[in-house]
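Peer 1: Predicted model, plus sequence, below.
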2 protein chains.
Amino acid sequence: MGWVHRRRDHGGVIFIDLRDREGLLQVVCDPDRAATFAVAEKLRNEFVVRVTGTVRPRPEGSANPGLASGEVEVLAHEVEILNAALTPPFQLDDENISETVRLENRVIDLRRPAMQRNLMLRHRASMAARRYLDANGFIDIETPVLYKSTPEGAREFLVPSRINHGLFYALPQSPQLFKQMLMMAGFDRYYQIVKCFRDEDLRADRQPEFTQIDIETSFLDEDGVREVMEPLVRAIFRDAIGVELADPFPIMTFAQAMRDYGSDKPDLRVPLKLTELTDLMKGVEFKVFRAAADLPNGRVAALRVPGGGTLTRKEIDDYTAFAKIYGAGGLAYIKVNDAAKPNEEGLQSPIVKFLSAEVLAAIVERTGAATGDLVFFSADREKVVNDALGALRAKVGHERGLAEPGWKPLWVVDFPMFEYDEEKRTWAARHHPFTAPKDGHEDLFETDPGHALAKAYDVVLNGWELGGGSVRIHRQEVQQKVFRALSMSPEDQRKKFGFLLDALAYGAPPHAGIAFGFDRMVAMMAGVEQIRDVIAFPKTQRGQDLLIDTPAPVTEQQLRDLHIRIRATDSAKHV
Amino acid sequence: MGWVHRRRDHGGVIFIDLRDREGLLQVVCDPDRAATFAVAEKLRNEFVVRVTGTVRPRPEGSANPGLASGEVEVLAHEVEILNAALTPPFQLDDENISETVRLENRVIDLRRPAMQRNLMLRHRASMAARRYLDANGFIDIETPVLYKSTPEGAREFLVPSRINHGLFYALPQSPQLFKQMLMMAGFDRYYQIVKCFRDEDLRADRQPEFTQIDIETSFLDEDGVREVMEPLVRAIFRDAIGVELADPFPIMTFAQAMRDYGSDKPDLRVPLKLTELTDLMKGVEFKVFRAAADLPNGRVAALRVPGGGTLTRKEIDDYTAFAKIYGAGGLAYIKVNDAAKPNEEGLQSPIVKFLSAEVLAAIVERTGAATGDLVFFSADREKVVNDALGALRAKVGHERGLAEPGWKPLWVVDFPMFEYDEEKRTWAARHHPFTAPKDGHEDLFETDPGHALAKAYDVVLNGWELGGGSVRIHRQEVQQKVFRALSMSPEDQRKKFGFLLDALAYGAPPHAGIAFGFDRMVAMMAGVEQIRDVIAFPKTQRGQDLLIDTPAPVTEQQLRDLHIRIRATDSAKHV
C-alpha cells in the first residue's frame, strides 16, 4: 500500500512509482489484465492504492541503481484505489517551493522523501539516547509543563489559571530545578526528552517550543559526567547516522578556546588558530595596535591564512566587512611575499612601515607564516577581537578549502561563573545560578568575581554547542553566596527559590547534569540548515503555525473564565 | 553513597541503614576505627554519606529476610559526610502524613521507598512501550504543545501570544488531528508518550496535565489494531510488573457489555452478570416494573447475589442507598429461601405478592438463583438501571468475596457513533467527530443516528478504561456527513477544521489509532489508588503545586507584554 508518486504510460504499459516512507517501488500494469489496467488508468499523483502482485527482477538493462528497490518491480495483479487525491499544490520533488507554501501545506510537504528521512532519523536518535540512558541506570521522569514564572531568565509563556483568579502558570524554559530536586529526592539518575519553551523574538534557528535531552546524575563530578555523557553522544551518532565520533573527545578550557579560537565553541574542522600578539604590541609605535594592547581588557591577535596571498583586494574587503559585523573597526593584514624577508621587502601591507623589524620578525615567527600566506590582524577590546577573528577563522577556513571533512567534537570546560552586565551594572550568572564554582573559587565572589570559574562544561561539535551543563551547588550556604553575588536580597532569594534552599537543607547529594539541544543535534545529523526541517509542525518566525492557523482568536467567554481581558489597541482581534 | 535512613547505637557499635533508590544496606561502624566512629557519631537521619568498607555476611542468626540485602552488611573503613541534613518534617516510614504536607515537602516525600518504586515502575513501563513500538515500526514524532483553541471539547488552557496581539494558543487535549495528519503525510506508524492538558474541575483522580501513550497507524482496520496493540499492553505489564495478561483479550460489543454488565468497562474479575427481565415485565401488574418495561428506553434487570440470603436488613439498605447515587429510585429484592418453591413460600420479599407464579418462576430460572441467594431488581430508564446495577455488581462482587484475583483485560467494541445531548438538544460524538462509522452505518446518520455504530474500541482492565481509540474517517465526504450530523454548518466546518478537510482531499490513507491513559495504567500496576502517587510533581485539586507554589502572581510588565490585563474582583492578586 502507498502513494502514487508518479505514473508513466510507456509502450501501452502503465508504470507506477509507488511511494511509502521507505522509498519507491516500480509497479507494472499490463493491458492484458484489463480490469487492473482500467483502474491503473484512473490513477493520478498522490492517490492512495493497494497493489497485489508478483515481485520480479526488472528486465535486463532496465535496473535503476539510484533506487534501493531498483533491481525489481511488481507486476500488478490487482490495484485498488483506497483514496483519490486532488492535484497537490506542488510536486514533491520540486525544490523551489517557498517555505511559507511548504508550511501552509505541511501535510504534503512532510511527504517529501527528505522530510520523511529527517523525522525517521530523529526517531532513531531519540531511541538511541533512551536505550543508552536506560542501560546506564537513568530513569525517565516527567516534570511539570505548568510551571512558575521566574522572570529573570528568558521571556516566558504564561498560562492564566481559571481556578485561581489573577494567578498564572508559566511554561518552563527547562526542568532545571525539578531535575535537581529529583536528585535531592534520591532518584540518582534522571533523564527526559522534553519540550521547553521560550517566548523570544525568534531568530532563524529558534522555535518557541524546542526539545532537550535533559539529564541529571548524583554523586558525579566533572570527570564522571564526561565519562557517562560522551558515550551517549557517540551512541546517538552511531545509531542515527552510522558515524563513529572520536573517543575520547578532546578537552579544552574556556580560556584556551578563546585564546586559540576566539570562540567557546570552536569549529575544529578548521585547523587554523589565532596568534597572540598583545604582549608584543605593548611597546610599538603603531597606535591602533598599541592602544588595544594597553587596554586592561584589550587584545591584539593575528589569523594566518595559508595560501592567502592570492586573496584579491575585493576578497579582503569582504572579509573586513564581515569582521565589522562583530564590532571590529577593521582588519589589518600583511601579505607574505617572501617569508625569508620579514620586512618591507618580503611583506606587503600598509602597516609594515609602522612596525619595527623585530616586531615583524616576531609576527612571522609566531604565526608561522610562510611565503604565499596572508595574516589578518585585529586589535580592540578582547571580546571584539575574539568575536571577529573567531568568526573569520571559521569562515575563511571553510571558504578557502582549509577545513577537514567529518565531525570534530570537543569538551569546553572551566567557564567563568559570572559575566558583567554592563546595562544593569551587576554580575550575572554565565550558565545559571545553580552552577557550582571550581573548588575554592567561591572565595573570589566578593573580591574578583570575573575570575571565579565554574564547574561548567559544553559539548561542542563542528562549531555548534550540542549541549551544556554543570556540577550543581549542593550546599545551601554556597547557593546563598551565589545569589548574593548576583545581588539578590535574602527576601528575594526566599520568595523565588525558597523551595530550593529548603531542599538543599534536608540532605542534598552532590549532583551534576547536562542538557543537549535535540533539534539542533538532529538537524546537524540530517545535514539541514534549519531546525524547522527536523520538526514535524514548526512555527514561523512570528510564532505561527500556518497549517492549523494558530495563534487564533478565542471567545469572550473563554477570556472571562480565565479572568483576563485583552488590552485594547487598533489591532486587537477577538471574536 | 546514599542517605542515612536510620542510625542505631547498639552495644557500643553504630549501625547505619544506608538508603538509595534500590533499597537499604546495613553499615557497621566499630569503635576500634576511632576516626570513622567519630564521624558515624555525628550522623543523623537523611545525612548524605559516602561509605568505604568491606561487604561481609551478617553474623549467624542476625540476617534480615525482609531486606534484599539482609544476608550481608558492610563493615565501614571510612565514612565521609557529603552533606548534612536538618531533621526532616516527617519520618519517611510514617504512613499517616496528610497529602498536603506530603506535597509541600515533595522532595522528602519522594524519598519514601514506595514513591521511588512507583516512579521506577513508571520508567520501566514507558521503556517497555517504546521498545515494543520501535520494534514494530512506530516512529516517535513530537507534536506541538502550543496548539489552537477548539472550544467544543473540554475546557482548555490558553496561552496569550506576545507577537500576535489578542491571539492565543491553547494547550492540546490530545494530539488527535496532528497524528491523523502524520498518517496523511505518509509516516505509516506514529507514537508519542505525550503530555495532554485539560482545564477541568479536578476530580480526585484527574490532573490538569496528564500523559498518554498516543498511537496511530495507517492501513489497519479494527482487527489489525487489536493485533498490534494487545501485545503492547502485554509487553508493558510483563516488563513493568512481571504479569502475563491473557492472550488474546476477550472481545465484547458495547451492547453486550451494557446488557450483561451495565457498563462499558466491566470489571470481569467479578463473574456476576445482570439478567434481562424487560420483556417479562411488560405485562405484569406490579406497576413499578411494568412502567419501566413499557418505557421506550426503559429496562428491568436483575442481579443475582450468590449466597446473598445472609445479607442483613442494614446491608441491603446500604446497597440500596449506593444504587440511589446512580439515580435509581430504589432496589427491589427477593431472598431465595428455597429455590424449588418459586412462590410466596420459597421467596421472601415485599414484592412477591405482586408477581404471578409464572413470572416468579421465570425470574428464578433466568437468574439461575439458588437457595440461599438474593436477587436485586432495578427498573427505570435503561441508563439508570445500567449505571446502578453495573456499579452494584462490582461493589457487591468485591465486598462479598466473589471476585477472582488477578488481571482481566478485554476489548469493548462497536460503540455508538453519537449520543444525544439532552441539554443542547443535539447529537454529540461519543468518541470524537473523526471516528469512522461501521461500514454502511453512515446511512443511519439522518434517519436513526442513535443506532449508528462506530469503529471504536476500548481496552478495559479490571473495571478501568486503559485506553480507547477508533478507525478514523479517511474520506472527506464521510467527515462532512459526520460534521453535519453534529449540526456543524459548512462555514463552521471550514473555520474549525478546514485544514483537516483539505488534508483528506490530497490522498489520505485509511488509518486508525488508540491512546492509553498512562498515569492510570501505571497507578494500576503500582497498586495505588490515585495517579498523584505515580507523578513526581502533581497538582492539587485546585491545580496548585504546593512545592514550588504555583500558579503565582506575575508582574504588570509581563501582562503588558502579552497584551492582557486581569479582570478586577475583590480577590484579584497581582504584584
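Peer 2: Cool, the structure landed.
Peer 1: Which per-residue confidence value corresponds to the closest residue to chain B within the stretch 351-500 of chain A?
Peer 2: Distances between the stretch 351-500 of chain A and chain B by C-beta to the nearest C-beta are smallest at A:F499, namely 5.3 Å. (Each C-beta comes from the backbone N, C-alpha and C, glycine too.) Looking at A:F499, its pLDDT stands at 95.
Peer 1: quick one: the strands in the stretch 251-400 of chain A?
Peer 2: Here the stretch 251-400 of chain A has its strands, by DSSP state E, counting those that start in this stretch, at A:251-253, A:274-276, A:298-305, A:332-336, A:347-348, A:374-381.
Peer 1: which secondary structure elements does the first one contact?
Peer 2: So that's strand A:251-253. Here strand A:251-253 is seen to pack against strand A:409-413 when contacts are counted using 3 or more C-beta pairs under 8 Å, 6 or more residues apart in numbering or on different chains; DSSP states H and E.
Peer 1: How far off centre is the strand it packs on?
Peer 2: 15 Å (C-alpha atoms, centre = their mean, to the nearest Å).
Peer 1: could you point out which element follows that strand?
Peer 2: Per DSSP states H and E, strand A:409-413 leads on to strand A:418-421 as the next helix or strand towards the C-terminus.
Peer 1: Check which helices and strands that following strand sits against.
Peer 2: strand A:426-429.
Peer 1: State the next helix or strand along the chain beyond the strand it packs on.
Peer 2: Going down the chain from strand A:426-429, the next helix or strand is helix A:444-447, by DSSP H and E.
Peer 1: Quick check: buried residues in that following helix?
Peer 2: A:444-445 (16 or more other C-beta atoms under 10 Å in any protein chain shown).
Peer 1: can you check stretch A:20-33 too?
Peer 2: A:20-21, A:23-29, A:33.
Peer 1: Is it possible to get TSV of those residues that adds distance to A:Y420, pLDDT and secondary structure?
Peer 2: TSV is the format used below for the buried residues of stretch A:20-33 (distance: C-beta to C-beta, whole Å; pLDDT from 0 to 100; DSSP: H, G, I helix; E, B strand; the rest coil):
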residue	distance to A:Y420	pLDDT	secondary structure
A:D20	56	97	strand
A:R21	51	96	coil
A:G23	55	94	strand
A:L24	58	96	strand
A:L25	62	97	strand
A:Q26	65	97	strand
A:V27	67	98	strand
A:V28	72	97	strand
A:C29	73	97	strand
A:R33	79	95	coil
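Peer 1: can I get the residues you listed in JSON lines with distance to A:E99?
Peer 2: Listed next are these as JSON lines, based on distance: C-beta to C-beta, whole Å:
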{"residue": "A:D20", "distance to A:E99": "25"}
{"residue": "A:R21", "distance to A:E99": "22"}
{"residue": "A:G23", "distance to A:E99": "25"}
{"residue": "A:L24", "distance to A:E99": "25"}
{"residue": "A:L25", "distance to A:E99": "30"}
{"residue": "A:Q26", "distance to A:E99": "32"}
{"residue": "A:V27", "distance to A:E99": "33"}
{"residue": "A:V28", "distance to A:E99": "37"}
{"residue": "A:C29", "distance to A:E99": "37"}
{"residue": "A:R33", "distance to A:E99": "44"}
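Peer 1: ok, and of the residues you listed, which contact chain B?
Peer 2: Contacts with chain B within the buried residues of stretch A:20-33, as defined by C-beta under 8 Å from any C-beta of the partner chain: A:20-21.
Peer 1: quick one: which of the buried residues of stretch A:20-33 is nearest chain B?
Peer 2: Distances from chain B to the buried residues of stretch A:20-33, taken by C-beta to the nearest C-beta, are shortest for A:R21, at 5.2 Å.
Peer 1: for the closest one, what are its contacts?
Peer 2: A:116, A:120, B:186-188 (C-beta atoms under 8 Å, 6 or more residues apart in numbering or on different chains).
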